[in-house]
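J.: predicted model and sequence below, questions to follow.
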Amino acid sequence: MSYEDLVTALKSLPADEQEQVAEFVMALKKHRQSANRLAKQNGAGLSRQPFIGMWRNREDLKDSRAWVRKVRRREWSDT
């Protein structure tokens, strides 16, 4: 639906239903602002968590695909 179609559809509604749409849009906007604020707060805190970078110096994990193949062979083999 284009912006023009949306405006036309909104204008065709009775005034009380237009008000409901406006209230819904404002609720969505408020929810989005809260979600963005929370994401920013959590994201900043996440980088300071002690587990971030805990595998940074693991030589065996430099090539993660090779590491996964090796673990799968070891854990899932029939031998």
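T.: Nice, I can see it. Just so we're clear, the structure is a prediction, and the values are computed from it rather than from any experiment.
J.: any idea of the mean pLDDT in the longest helix belonging to the chain?
T.: Ranked by number of residues, the top helix in the chain under DSSP state H is helix 15-46. For helix 15-46, mean pLDDT is 88.
J.: and the helix or strand following that helix, C-alpha only, in PDB?
T.: Tracing the chain C-terminally past helix 15-46 and defining elements by DSSP states H and E, one meets helix 64-76 next. Coordinates of the C-alpha atoms in helix 64-76 are reproduced here as PDB (Å, rounded to 0.1, in the frame of the first residue of the first chain):
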ATOM      1  CA  SER A  64      35.900 -22.100  13.400                       C
ATOM      2  CA  ARG A  65      34.700 -24.300  10.500                       C
ATOM      3  CA  ALA A  66      37.700 -26.700  11.000                       C
ATOM      4  CA  TRP A  67      37.100 -26.700  14.700                       C
ATOM      5  CA  VAL A  68      33.500 -27.700  14.300                       C
ATOM      6  CA  ARG A  69      34.400 -30.500  11.800                       C
ATOM      7  CA  LYS A  70      37.000 -31.800  14.200                       C
ATOM      8  CA  VAL A  71      34.500 -31.900  17.100                       C
ATOM      9  CA  ARG A  72      31.800 -33.500  15.000                       C
ATOM     10  CA  ARG A  73      34.300 -36.200  13.800                       C
ATOM     11  CA  ARG A  74      35.400 -36.800  17.400                       C
ATOM     12  CA  GLU A  75      31.900 -36.800  19.000                       C
ATOM     13  CA  TRP A  76      29.800 -38.300  16.300                       C
END
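J.: nice, that's everything, thank you.
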